[in-house]
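Dropping a prediction and its sequence here:
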Amino acid sequence: MSETMRYAGVIGGGAWGTALAQVCARAGMAVTLQAREAEVVEAIRTGRENTAFLPGVKLDEAIDVTTDFEDLAACDVILAVAPAQHLRSTLRALAPHVRANLPILLCAKGIEQGTLSLMSDVLAQTIPQAGAAVLSGPSFAGEVARGLPTAVTLACPDEELGRALAEAIATPTFRPYLSNDMIGAEAGGAIKNVLAIACGIVEGKGLGRSAHAALITRGFAEMTRMAEALGGRAETVAGLCGLGDLVLTCSSPQSRNMSVGLALGAGQSLDQALSGKLTVAEGVASAPAVGALARKLGVDMPISQAVAAILAGEVGVDEAILGLLSRPLKTER
């Protein structure tokens with residue numbers, strides 16, 4: 001544990017926020033988990049379990065829980081785990097309780113609709129006095145919460161702050177690798193969610209493992225092009241926060257985004273695919289933003305844009321697949 005970071009606040013009582021609260025507690029920190037849902041707070045207080053979003057995992061006694069942002073005012077670091085499309089309103093609510101230079105570790109993966117902003121841009125616009133960092137990488141909440149081995153990217157332009165954050169949250173089974181490229185880390189995390197929907201569609205349609213492998217590979221090329229267009233580095237998305245996360249999310253129905261794609265590929269509507277799900281599939285909300293950003297920057301992202309068109313009801317699954325297979329032949333770069 002870092003000597004300067006002994007008290008962590010985690011915003012977001014979903015599965016990932018709860019898992020990261022567990023990580024911080026295992027790392028030796030006192031933790032306050034802020035949840036929007038009163039029933040989540042009550043369940044954790046009475047039974048030490050988030051029965052709504054992370055059932056079956058007993059939570060560390062070092063984790064306190066609240067609905068009030070004011071209870072995070074004394075924290076040494078904040079992990080912001082609210083869904084990407086709600087991060088701006090969440091940070092605005094937190095802002096009155098944030099002192100200058102408080103480190104805020106962004107843990108949501110997405111691009112904001114409308115503004116087409118990365119999460120670090122949203123933080124800079126809402127709490128400019130904060131010290132910004134990004135946590136991203138291949139990590140299923142249930143596995144992390146149970147203490148299974150996980151490695152992630154922790155990206156921070158301030159090398160000293162990044163090292164302190166890594167030391168604060170690291171455990172023998174949760175290993176952060178440092179980077180100074182927040183843009184690359186964010187691009188990887190946001191775009192892999194969209195590509196996971198595409199992989200789910202391929203699986204749901206029964207198009208085979210060859211098509212699945214091709215989609216991951218060509219999707220990774222799209223991710224790399226977008227990261228570089230935004231000012232990130234190709235080497236960043238070739239690591240845990242890009243390729244690593246893409247492989248995990250596109251290879252398991254446990255992925256919320258892939259499960260949506262599986263349902264779409266099997267012939268369900270988007271409403272049917274999302275019906276009854278408490279957890280958020282970030283790729284559904286990020287897809288239109290990724291498509292719009294690709295058009296704005298002139299980045300060729302046919303797979304991501306096909307997913308956005310399917311989700312918007314502009315094309316059917318079969319039509320989108322035919323469109324991708326009918327594209328002109330090109331050189332692989």
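Yes, it's here.

quick one: contacts for residue 258?
Residues near residue 258 by Cβ atoms under 8 Å, 6 or more residues apart in numbering: 196, 197, 199, 200, 203, 249, 250, 251, 252. For the C-beta atoms, the positions are set from N, CA and C on the backbone; glycine is no exception.

ok, the fourth one - contacts?
Contacts for residue 200 were tallied using Cβ under 8 Å, 6+ apart; they are 253, 255, 257, 258, 259, 260, 261, 262, 263, 264, 265.

Quick check: buried residues in the host helix or strand of residue 165?
Using DSSP states H and E, residue 165 maps to helix 159-169. For helix 159-169, burial by neighbour count (16 or more other Cβ atoms under 10 Å) applies to 161, 162, 164, 165, 166, 168, 169.

quick one: which helix or strand includes the residue nearest to the fifth one when sequence neighbours are not counted?
Nearest residue to residue 166, sequence neighbours excluded (Cβ to Cβ, 6 or more residues apart in numbering): residue 176, at 4.3 Å. With the criterion set as DSSP H and E, the secondary-structure element containing residue 176 is strand 174-179.

And that strand, how far out from the chain middle?
Here the centre of strand 174-179 is set off from its chain's centre by 16 Å, with Cα atoms, centre = their mean, to the nearest Å.

And that strand, what does it pack against?
Counting by 3 or more Cβ pairs under 8 Å, 6 or more residues apart in numbering; DSSP states H and E, the packing neighbours recorded for strand 174-179 are strand 150-155, helix 159-169.

Mind putting those into a markdown table with distance to residue 47 and mean pLDDT?
Formatted as a markdown table, the helices and strands packed on strand 174-179 follow (distance: least, Cβ to Cβ, whole Å; pLDDT from 0 to 100):
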| stretch | distance to residue 47 | mean pLDDT |
| --- | --- | --- |
| strand 150-155 | 25 | 98 |
| helix 159-169 | 25 | 97 |
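
out of the contacts of residue 200, which is most surrounded?
Highest neighbour count within those: residue 261, with 32 neighbours (other Cβ atoms under 10 Å).

in what helix or strand does the closest residue to that one other than its chain neighbours lie?
Leaving aside its sequence neighbours, residue 261 sits nearest to residue 200 (Cβ to Cβ, 6+ apart; 2.1 Å). Using DSSP H and E, residue 200 falls within helix 182-204.

Domain map for the protein?
7-180, 183-325 (automatic domain parsing).

Go through the one helix or strand residue 318 maps to and flag the buried ones.
Per DSSP H and E: residue 318 is located in helix 317-325. Of the residues in helix 317-325, those with enough neighbours to count as buried (16+ other Cβ under 10 Å) are 317, 320, 321.

How about residue 110, nearest residue that isn't a chain neighbour?
Spatial nearest neighbour of residue 110, excluding adjacent residues (Cβ to Cβ, 6+ apart): residue 84 at 2.6 Å.

can you tell me which of the contacts of residue 200 are in helices?
257, 258, 259, 260, 261, 262, 263, 264, 265 (DSSP state H).
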